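[1] attaching a predicted model along with its sequence, questions to come.
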Amino acid sequence: MIVGGGMTGALVSLMFAAAGVPVVLLESGSVGCGSTLASSALLLQEPDRGLAHLTSRYGRAASRRIWELGRDGVRDLIRTLRRYRINCDLVERDAIYYATNAPAVQRLRREFRLRSAEGFECDWLTPDALRTVTGIAARGAIRTRGNAQFDPYKACQGLIRAAASAGAQIYERSAVTRIRHGHDRVYVQTRSGRIESSHVIIATGYATPQFRPLAGRFRMYRTYVLATPPLNEDERREVGLGNVMIWDTERPYHYARWTSAHRLLLGGADRLLRRGETRSRVFAAATRELRADFEHLLPALSDIDIESAWEGLFAMTPDSLPYVGPHRKYPRHLFALGYGGNGMTFGSLAARLLFEHWRGDTSPDHQLFRFGRVG
């Protein structure tokens with residue numbers, strides 16, 4: 001039983017169904033229409049936190065393995081989308097991680113040296129080289145290859161169709177109201193009936209009300225995205241951003257990429273979700289801030305309209321890494337929660353790790369994302 005019909009639920013259902021495991025997926029709304037639909041779908045190998053930060057927290061070997069798994073997650077998802085011939089505007093892109101001030105560029109240089117020493121291929125871009133590729137006047141950047149971008153809704157729908165073809169049963173508008181566990185079963189209740197299963201996988205991205213005790217492990221954020229109309233060749237040349245994905249060292253960070261229709265997506269301005277706030281007022285302030293930040297970086301944007309704007313919801317853990325696997329308080333449950341800003345990469349990785357958990361395989365990789373690794 002899989003609860004959640006976003007990218008992670010789709011990948012998990014396909015992984016299990018393709019292996020011949022009977023699968024039922026329940027989605028409270030429509031498949032791919034939650035956080036997946038809101039995503040700007042930068043498929044990055046890099047976690048939200050750099051290699052230097054994770055090394056200081058978990059040591060050299062563990063942090064290197066986390067990064068290797070991120071790289072593998074990207075490669076696995078690209079292979080899966082191609083294997084099942086899913087039409088989702090998939091294209092591989094270099095990612096450029098840039099710094100705009102002197103302290104940040106010093107930290108970024110240390111990050112570059114550490115990545116290179118650990119065998120992760122990357123290049124250093126000088127200010128001149130950075131401006132040539134991106135149009136941005138900044139202090140320096142790290143360029144990595146092997147990343148990708150795609151249309152997240154098309155990808156999710158395609159993966160769900162592939163899972164259904166492999167035997168998975170998919171039920172939309174089927175909100176889970178209660179989950180109970182027995183000795184060798186879990187009982188998942190919806191408004192329309194009850195389903196029995198050997199295990200249940202919670203792939204909702206964050207702790208839903210049924211798992212209120214877990215909510216304290218996450219901080220919930222809203223992120224914002226602006227989209228321009230399709231730009232012609234002259235307008236794109238004037239903006240200056242090449243066919244790369246960009247993000248910066250700020251916290252919260254800003255990111256941008258081109259779509260296949262030549263729209264420019266501008267994202268960031270993340271806000272901690274707070275009770276009692278006026279959502280429309282926060283949305284207006286965040287999108288104004290986001291536009292102003294990018295107009296400062298890419299001045300030609302001041303003459304270009306914004307066609308649409310939206311927000312997404314995501315959960316962040318204390319170390320920016322997800323929780324993937326079992327929890328001692330919930331027998332016969334497996335979880336995939338708390339991806340931060342890198343849900344597509346970690347969703348792909350979670351599918352493999354959860355399948356290994358279900359089979360009873362043990363691996364040191366599972367310990368890297370377990371509940372209890374952080375206070």
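    The structure has been received and is ready for your questions. All values reported here derive from a predicted model rather than from experimental measurement.
[2] please make it C-alpha for all contacts and neighbour counts, starting now.
    Noted.
[3] confirm for me that Ala350 is in contact with Val324.
    Yes - with contact defined as Cα atoms under 8 Å, Ala350 and Val324 form a contacting pair (6.2 Å).
[4] quick check: neighbours shared by the two?
    Counting by Cα atoms under 8 Å, 6 or more residues apart in numbering, the shared contacts of Ala350 and Val324 are Ala336.
[5] quick one: low-confidence parts of this protein?
    The chain contains residues with pLDDT under 70 at 375.
[6] per the record, what domains does it have?
    2-40+153-217+319-367, 91-149+219-316 (automatic domain parsing).
[7] how about Gln210, nearest residue that isn't a chain neighbour?
    Arg178 (6.8 Å; Cα to Cα, 6 or more residues apart in numbering).
[8] same check on Ala309?
    Leu226 (4.4 Å).
[9] what's the answer for Pro331, then?
    Per Cα to Cα, 6+ apart, closest to Pro331 is His181, 6.8 Å.
[10] thinking the one you found is in contact with Gln189, fair?
    No - using Cα under 8 Å, His181 is not in contact with Gln189, being 11.3 Å away.
[11] what ranges does the stretch 201-350 of the chain have for its strands?
    Counting by DSSP state E, counting those that start in this stretch, the stretch 201-350 of the chain has these strands, from start to end: 219-227, 245-248, 255-258, 264-272, 308-316, 323-327, 330-337.
[12] which one of the ones you listed lies closest to Asn147?
    Ranking those by their distance to Asn147 (criterion: Cα to Cα) puts strand 245-248 first, at 8.7 Å.
[13] wait, Ala155 sits on Arg85?
    No - the criterion here is Cα under 8 Å, and Ala155 misses it with Arg85 at 10.1 Å.
[14] higher neighbour count, the two?
    Ala155 (23 against 12; other Cα atoms under 10 Å).
[15] ends of stretch 211-225, what's the gap?
    One end of stretch 211-225 to the other measures 29 Å (Cα to Cα, to the nearest Å).
[16] partners of whichever helix or strand the residue nearest to Gln210 is part of, with directions?
    Assigned by DSSP states H and E, Arg178 belongs to strand 176-181. Partners of strand 176-181 in the sheet, by DSSP bridges, are strand 186-190 (antiparallel).
[17] the partner strand: what's the following helix or strand?
    Counting by DSSP H and E, the next helix or strand C-terminal to strand 186-190 is strand 193-197.
[18] what residues sit buried inside that next one?
    Using 16 or more other Cα atoms under 10 Å as the test for burial, strand 193-197 gives Ser197.
[19] alpha carbons of that strand, as CSV, please.
    Provided in CSV are the C-alpha atoms of strand 193-197 (Å, rounded to 0.1, in the frame of the first residue of the first chain):
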residue,chain,number,x,y,z
GLY,A,193,-13.8,1.3,2.6
ARG,A,194,-10.8,-0.5,4.2
ILE,A,195,-7.8,-2.1,2.5
GLU,A,196,-5.6,-4.7,4.2
SER,A,197,-1.9,-4.9,3.3
